[in-house]
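K.L.:
With the input below, show me the fold.
(2 chains)
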Amino acid sequence: MVKISRFVLVIIGVIVTAMAIPDLYWTIFQESRPVPNVMFSHVIDDFIIVQPGEDGVIRKDASGNTYTSEEVEQKLPLMFFRQLAADGTMPDSLKGVPMDHATISTHRGSYSYIPRNINTPEPVLLPLIEAESGRVGLSLPEDFFRLKNRIEFIVAETNEVDKEKSRIFNDALLEKGFSFPAQLIAGIPTVMKSKDEGYFIKDDEGDLYHLKKIRGEPYVARIDIPEDMDIVFIESVDMRTEEFYAYLYTEDNEVYVILDEVYYLQKLPVEGFDRNRDRLRIRHDLFGKTISVIGEDFMKVIRIDDVYEVIDTYETTWEPRHERPDHRMFARLFPFEIRLEIPDSRYVGFFFNFAHGYSWLLLNLLFVALAIWLIKRKGRDIRKNIPDLFVILLAGFFGFIATRVFPNKFYE
Amino acid sequence: MYRSIFYKEWLKIRWALALFLLLGLIVLGNIFLNVRYGVRFMDAHDYWYRIIIQGANYAASLKYIPLLAGLGLAIAQYFPEIVSQRIKLTFHLPIRENKVLLIQHGFGLVCLLAVFATYLLVFIIGSAVYFPPEIIHMMLTTILPWFLGGLAAYSLAALIMLEPLWLYRVLYAVIAYGFVTQFYIRVVPLAYTKVLWVFALMAVITVIVILFSGYRFRKGEMHHG
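P.N.:
Residues are numbered from 1 along each chain as shown, chains lettered A, B, ... in the order given. The predicted structure is shown next:
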């Protein structure tokens, strides 16, 4: 029993040191490697790459010509129109389209996806905001709804279900063929947006529905999706151009947008994107969108026009994380690290990051040798310390500290 | 025999228990006065919105109460033992030493759990007046790690106090600090959902570490005479 209690303490020691020591290491040694910023210029019909590096920022196009900061601004009038207007260098028209500030501004927008977007706890109840109140601003309703085996509105003031309203909305969902419980629900549950578009809901059969409240009445639409489409995530956006409602992610790592009014699912050309690993950065402008798929060691940029046709692509790669000096040194020092929080998730977890390769084995063996020497010096039996040596072999520095702090047979 | 052990422990910890029970109830009372104010005098739906959508935690002031209770109980129970080295006498009782230690520690643990259960019961009843089950469940998932941290702190504080050498006390305290802070990360509500059972397991297995310190205490006694 005493042995088990010591074993528990050694485990605790390994967990704590495997969190604290790497944390300290990264604070001191982590190098930042900024991802290049890739934009599409309608002036030269080519990508412009802005890459912060050790010798300052490099600005070039995909063909290799380099530019100054001012030249980049001039090549990107849709992004820097305010600066160009102030300088008096803004062109009157681009590709035959007059450059009107209001229009440029309305069409500008951006969206970014990181795996953390999916790995986030969902709100347990949601407000269904009135979409057409006739008022300029949106306001929060008095109740919040749950969507389990039926839809139920709970009035905050009284903490009781509004039975009549719940029945009306429940019937409206059932009438369109909705099957409870909902598997997924997405919307923007705040009044800080330009208009309300309610919620997109995946039902128990995997079908997609749109739910809104219009002048107090339910609005339910069933959205046609391909038979075999398995939706895993939807993220609603608030677009001034009212082009689409939301981004939609499938099990097969396809990304769609749900076009406004017509509910057509438009696929985005993001082959190779992995929602559990990669990031997406999408910039909208008057003529189309620039989509960047950013992985650990690559970036793929796709330019599409206003009807989602690909007009140009750009790809670049850089050294993978484990080849960078800070990560290589880490792998020589530590076999793994434990983190409770990672950038890819808002959930707490025991995230084990194992070092790349086996270069840590050398240091671990040195610690094992040191431990054997210490045991022998005290004239103790090596055989009784074999479990400790195993812990040190696997957990290296962490194991060495843990087994020393909670010593085996301290007193003779 | 067991009865007299329980009685001895009870004499040591009853005032500490009463103190922390009262402290927790005062904090909970304050929490629900604030909730009542929020629901009645602000707009109830705004108040809900802050909790559900913005992640405001109305139980925030309860955060370190279980930790304080765990530490306080450990001090009340083990400090008298080490100042007068009374635990030596315990080890002369006609029961196996480990068993005595586990019974003592188990008794303290059950008392601590009773205090925690009272807190949680009051919290659930109070919340149920103002909020639906979804919010109560969300809040419980969010505050349970604080209670598990209190349990772990109780056992680790006992370990530290029973350790005979100051150097090791300090080392244990450093590790214990790193361990217990895991239960108190500042995160969004429901963030602990996926690992709640792991944390519960970690808090539970920590109970057994009392045997390690008991062992060292015994050996240390022999060593120092």
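K.L.:
Against B:Ile124, how distant is the closest residue to chain B within the stretch 151-300 of chain A?
P.N.:
Closest residue of the stretch 151-300 of chain A to chain B, Cβ to the nearest Cβ: A:Ala156 (3.9 Å). Glycine gets a C-beta too; all of them are placed from N, C-alpha and C. As judged by Cβ to Cβ, to the nearest Å, A:Ala156 and B:Ile124 stand 19 Å apart.
K.L.:
These two: which has the busier surroundings?
P.N.:
Shown here are A:Ala156 and B:Ile124; by other Cβ atoms under 10 Å in any protein chain shown, A:Ala156 has more neighbours (26 against 14).
K.L.:
List the contacts of the more buried one.
P.N.:
By Cβ atoms under 8 Å, 6 or more residues apart in numbering or on different chains, the contact set of A:Ala156 is A:142-144, B:39, B:43-45, B:47-48.
K.L.:
All the helices of the stretch 51-200 of chain A, residue numbers only.
P.N.:
A:69-75, A:81-87, A:101-107, A:163-175 (DSSP state H, counting those that start in this stretch).
K.L.:
could I have the third one exported to CSV, CA atoms only?
P.N.:
What follows is the C-alpha trace of helix A:101-107 in CSV, where atoms were taken according to Å, rounded to 0.1, in the frame of the first residue of the first chain:
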residue,chain,number,x,y,z
HIS,A,101,-15.8,54.0,-51.5
ALA,A,102,-19.2,52.8,-50.1
THR,A,103,-19.3,49.8,-52.5
ILE,A,104,-15.7,48.8,-51.8
SER,A,105,-16.4,49.1,-48.1
THR,A,106,-19.6,47.0,-48.2
HIS,A,107,-17.9,44.2,-50.0
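K.L.:
mind listing what's buried in it?
P.N.:
A:104, A:107 (16 or more other Cβ atoms under 10 Å in any protein chain shown).
K.L.:
which helices and strands sit right next to that helix?
P.N.:
helix A:81-87, strand A:279-285 (3 or more Cβ pairs under 8 Å, 6 or more residues apart in numbering or on different chains; DSSP states H and E).
K.L.:
Output these in a markdown table; the columns should cover mean neighbour count and distance to chain B.
P.N.:
Formatted as a markdown table, the helices and strands packed on helix A:101-107 follow (neighbours: other Cβ atoms under 10 Å in any protein chain shown; distance: least, Cβ to the nearest Cβ, whole Å):
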| stretch | mean neighbour count | distance to chain B |
| --- | --- | --- |
| helix A:81-87 | 14 | 33 |
| strand A:279-285 | 20 | 20 |
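K.L.:
and A:Val262, which of these is closest to it?
P.N.:
Between A:Val262 and those, the shortest gap by Cβ to Cβ is with strand A:279-285, which sits at 18.6 Å.
K.L.:
and that closest one, what's its mean pLDDT?
P.N.:
Strand A:279-285 carries an average pLDDT of 96.
K.L.:
How about stretch B:197-216?
P.N.:
Stretch B:197-216 shows a mean pLDDT of 90.
K.L.:
tell me the centre residue of the chain?
P.N.:
All of this is about chain A. A:Ile114 (1.6 Å; Cα atoms, centre = their mean).
K.L.:
Let me rephrase: I mean chain B.
P.N.:
Closest-to-mean residue, chain B, Cα atoms, centre = their mean: B:Gly150 / 2.5 Å.
K.L.:
isn't there a helix covering it?
P.N.:
Yes: under DSSP: H, G, I helix; E, B strand; the rest coil, B:Gly150 falls within a helix.
K.L.:
Touching, it and B:Leu112? I think so.
P.N.:
Yes: at 7.2 Å, B:Gly150 and B:Leu112 qualify as touching, with contact defined as Cβ atoms under 8 Å.
K.L.:
Which residues are in contact with each of those two?
P.N.:
Common neighbours of B:Gly150 and B:Leu112 (Cβ under 8 Å, 6+ apart) are B:69-70.
K.L.:
circling back: tabulate the helices of the stretch 51-200 of chain A (JSON lines), appending mean pLDDT.
P.N.:
Formatted as JSON lines, the helices of the stretch 51-200 of chain A follow (pLDDT from 0 to 100):
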{"stretch": "helix A:69-75", "mean pLDDT": "93"}
{"stretch": "helix A:81-87", "mean pLDDT": "90"}
{"stretch": "helix A:101-107", "mean pLDDT": "91"}
{"stretch": "helix A:163-175", "mean pLDDT": "97"}
